[in-house]
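S.K.: quick check, what structure comes out for this input:
(chains A and B)
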Amino acid sequence: MKAEHVYFFEGIDPAPSESHKSDDGALVAAAAQPRRIPEKDEMLSDNPADWYFDFVYARRLTWKQKASARQWAGIIHQHHQRFRFERICMDPNGGGTLIKRELISTRQLLNGVETDVTPIGDQVDGPRMVARGDFILHLFKRGDPGVEALWPELPGDDNLNDALYSVCKDAVDHGLWAWPMPIEEWLGGMQKEEGRRQNGGNEIRQWPEERVWALKNLDAATVQMKNIVVATKEDGTFQFTKRNARQFSAVGKKDFVSASMYCYAAFLMWLRSDDWRSRVAPEDAEQFSGWGGR
Amino acid sequence: MWGDFLCDPVLAAFVIFGVKLDAFQAARLRYYWWAQNVIDSSGVSSGKTIVIWLFVNLRCILIPDHEAAVYYPVFETGKMSFWDYYTKFTAAKAPIFRAQLGQPMNLEPGEEKGGDGTLHGAACYKAFFRNGSKAMMPAPSFMKDAVTQASLRVNTMVVEEWTHVDASSDGINKQLIDRTTRPCWNQHHPIWGNHILYSAHAQTRMHPAFKRYNDHQRRVNRGDPTYANIAYSYKDYSGLTSHTGKSFREEHRIEGTINNKRNTCSKVEWNGQGFGIWGANGTGWFTEAAILQCVDNGRRRGVTPVLSRQQLVEGVKCET
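M.R.: Reported below is the predicted structural model:
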């Protein structure tokens, strides 16, 4: 696999930090890679099934952090500097619209220090507010260009929710997603099976704390996935809203599940956007400067 | 003595009614007494009705000129389960209580005095107290959104089996809540202020009643001392000695019947009916097998958590 064909996406489920009973906020990042390296002059596929979609990072912000919208924006900018996301999708609820306003600022708090950055904006307001920026943000609501491209003319928010859960179920059922193996296996359970990871236990102990926590959080995401339930009637059939949408809830927390689903939505929006098609393929760009000299 | 009773309804129940409550029932009665808005989602066989009966009558006895109303979705159910306690607490068993009961001033057409000393009307049962208080159990006509209760004003209102009411009508919202507006001594005081108590075992979160429970829970989470959501179950009966000499657990926890009930319920139904837990009704959306397959995908392809693009790209280069 060529390293140039790795694309990163982030899903964000923000939450206000008001009290210890407040929901937790979550950020999940994933890497998408084509399953097959395209030939020269061949375009990458726009079919999600032709891509690996690997969850590689997760972070939770609890009420203890008491993160403000500005601090959330700083964290997202920091992630963007590290990963260089193609798209970010965020829940507008739980303070998402406030974070969006902060993201467009060129001054961000990175590691507690005011830093000049390239603003992150959405495709509607972003270009009107700043001349130069990364317009990669999608708020997951009807009316957003990315959402409209994927699911146009939905009658209600419940239908949008239904559409997201359905597309993610398809992805999981068909094995399009991938999570790292559980931390117990990293710590030794799988050492005998794969020679490549003979020193797995030692390897993880040398990781930075944030990376270990990313693994733990991705583990938590797989557990939370099992807690998602769809409402049914007493006869076992689905219970629908007035607009024929199914209703979903969770037994326990679902912050990582929501963030993971927004992350996948960001990937789908990017695939649908065709932005990546206009790029010069790395093969074409090599050693070609327009004028080759005499 | 009156002040002691007001501050500790459990003591009052023991002295006035001769009722010794189990520890969790005592805690329940204190919640009813000190919080003005309570939802009791306790499971079946946890002794809700007797504590509610004590709560209503104690408020009528200890607070002069107090009016309380108890609503059941079906009037007959109220007659058999709630009002029947007036028959059980006889003068021999609870003389102080009986001494507090008064007589109706006059009988309206269709009303008669029952053998339990209370007034039995066609559409409302009433118990009068010597201090001017009154306990009522009106027939609510919930199917008509309780429009028959339009002009009634009370200090204490109890809605039994409220989840059934919320599922079948808007009676609670449209008519009942604003009935609890009768003037009291101090509307801000936890005891003098007007009280609303909802009682029914928990349902699932998809049930129409969950909204009210959730709204209550939000107030509780915000630290509002006037709201409380409580739930007890048959498992809370303790080994303390009851009035019969047997332990409360031996006396009230009928295992055979409970097990029969449990076998006929789904897990989520039993969580609500047995333990008072508002569970999620439905089936898992993502199957465990599919999730494990995705984890296995990551395992086979060596997906690792990374903190940056560089970390992953370096990993990819190393593998190729």
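S.K.: run through the helices of the stretch 201-320 of chain B in chain order.
M.R.: B:210-221, B:248-252, B:255-263, B:267-275, B:288-301, B:309-319 (DSSP state H, counting those that start in this stretch).
S.K.: possible to save these as JSON lines with mean pLDDT?
M.R.: As requested, these are arranged in JSON lines below (pLDDT from 0 to 100):
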{"stretch": "helix B:210-221", "mean pLDDT": "89"}
{"stretch": "helix B:248-252", "mean pLDDT": "88"}
{"stretch": "helix B:255-263", "mean pLDDT": "81"}
{"stretch": "helix B:267-275", "mean pLDDT": "82"}
{"stretch": "helix B:288-301", "mean pLDDT": "92"}
{"stretch": "helix B:309-319", "mean pLDDT": "70"}
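S.K.: just the ones you listed: most buried one?
M.R.: When neighbours are counted by mean count of other Cβ atoms under 10 Å in any protein chain shown, the highest per-stretch mean among the helices of the stretch 201-320 of chain B falls to helix B:267-275, a mean of 20. Every residue, glycine included, has its C-beta placed from N, CA and C.
S.K.: now check that one, is it near chain A?
M.R.: No: applying Cβ under 8 Å from any Cβ of the partner chain, one finds helix B:267-275 separated from chain A by no less than 9.0 Å.
S.K.: residue A:214: which element?
M.R.: Assessed by DSSP states H and E, residue A:214 sits inside helix A:209-226.
S.K.: quick one: strands adjacent to the helix or strand that comes right after that helix?
M.R.: The C-terminal neighbour of helix A:209-226 among helices and strands, as given by DSSP H and E, is strand A:228-231. In the sheet, strand A:228-231 lines up against strand A:248-250 (antiparallel), strand B:282-284 (antiparallel) (DSSP bridges).
S.K.: residue B:313: which of those strands is closest?
M.R.: Comparison of those against residue B:313 by Cβ to Cβ identifies strand A:248-250 as nearest, at 34.4 Å.
S.K.: which residues are contacting that closest one?
M.R.: Contacts to strand A:248-250, defined as Cβ atoms under 8 Å, 6 or more residues apart in numbering or on different chains, come from residues A:161-162, A:165, A:224, A:227-231, A:257, B:205-206, B:280, B:282, B:285.
S.K.: ok, residue A:12 - contacts?
M.R.: Per Cβ under 8 Å, 6+ apart, neighbours of residue A:12: A:25-28, A:76, A:88-91, A:96, A:99, A:259, A:262.
S.K.: how about those in JSON lines, adding pLDDT and neighbour count?
M.R.: Below are the contacts of residue A:12 laid out as JSON lines (pLDDT from 0 to 100; neighbours: other Cβ atoms under 10 Å in any protein chain shown):
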{"residue": "A:25", "pLDDT": "91", "neighbour count": "28"}
{"residue": "A:26", "pLDDT": "94", "neighbour count": "29"}
{"residue": "A:27", "pLDDT": "96", "neighbour count": "26"}
{"residue": "A:28", "pLDDT": "97", "neighbour count": "29"}
{"residue": "A:76", "pLDDT": "95", "neighbour count": "24"}
{"residue": "A:88", "pLDDT": "96", "neighbour count": "28"}
{"residue": "A:89", "pLDDT": "96", "neighbour count": "30"}
{"residue": "A:90", "pLDDT": "96", "neighbour count": "30"}
{"residue": "A:91", "pLDDT": "94", "neighbour count": "23"}
{"residue": "A:96", "pLDDT": "91", "neighbour count": "22"}
{"residue": "A:99", "pLDDT": "94", "neighbour count": "27"}
{"residue": "A:259", "pLDDT": "96", "neighbour count": "29"}
{"residue": "A:262", "pLDDT": "97", "neighbour count": "28"}
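S.K.: could you single out the nearest of those residues to chain B?
M.R.: When those are ranked by distance to chain B (Cβ to the nearest Cβ), residue A:28 comes first, at 11.0 Å.
S.K.: give me phi/psi at the closest one?
M.R.: Note on residue A:28: its backbone torsions stand at phi -130, psi 130 [degrees, to the nearest 10].
S.K.: before we move on, what about residue B:134?
M.R.: phi -150, psi 130.
S.K.: surely it and residue B:124 touch.
M.R.: No: assessed by Cβ atoms under 8 Å, residue B:134 is found out of contact with residue B:124, at 10.5 Å.
S.K.: ok so, going back, from the contact counts, what lies against the helix holding residue A:214?
M.R.: Counting contacts by 3 or more Cβ pairs under 8 Å, 6 or more residues apart in numbering or on different chains; DSSP states H and E, helix A:209-226 packs against strand A:25-34, strand A:51-61, helix A:183-184, helix A:255-273, helix B:288-301.
S.K.: repeat the analysis, applying 10 Å as the threshold.
M.R.: strand A:25-34, strand A:51-61, helix A:183-184, helix A:200-205, strand A:248-250, helix A:255-273, helix B:288-301 (3 or more Cβ pairs under 10 Å, 6 or more residues apart in numbering or on different chains; DSSP states H and E).
S.K.: if anything else comes up later, I'll come back, but that's it for now.
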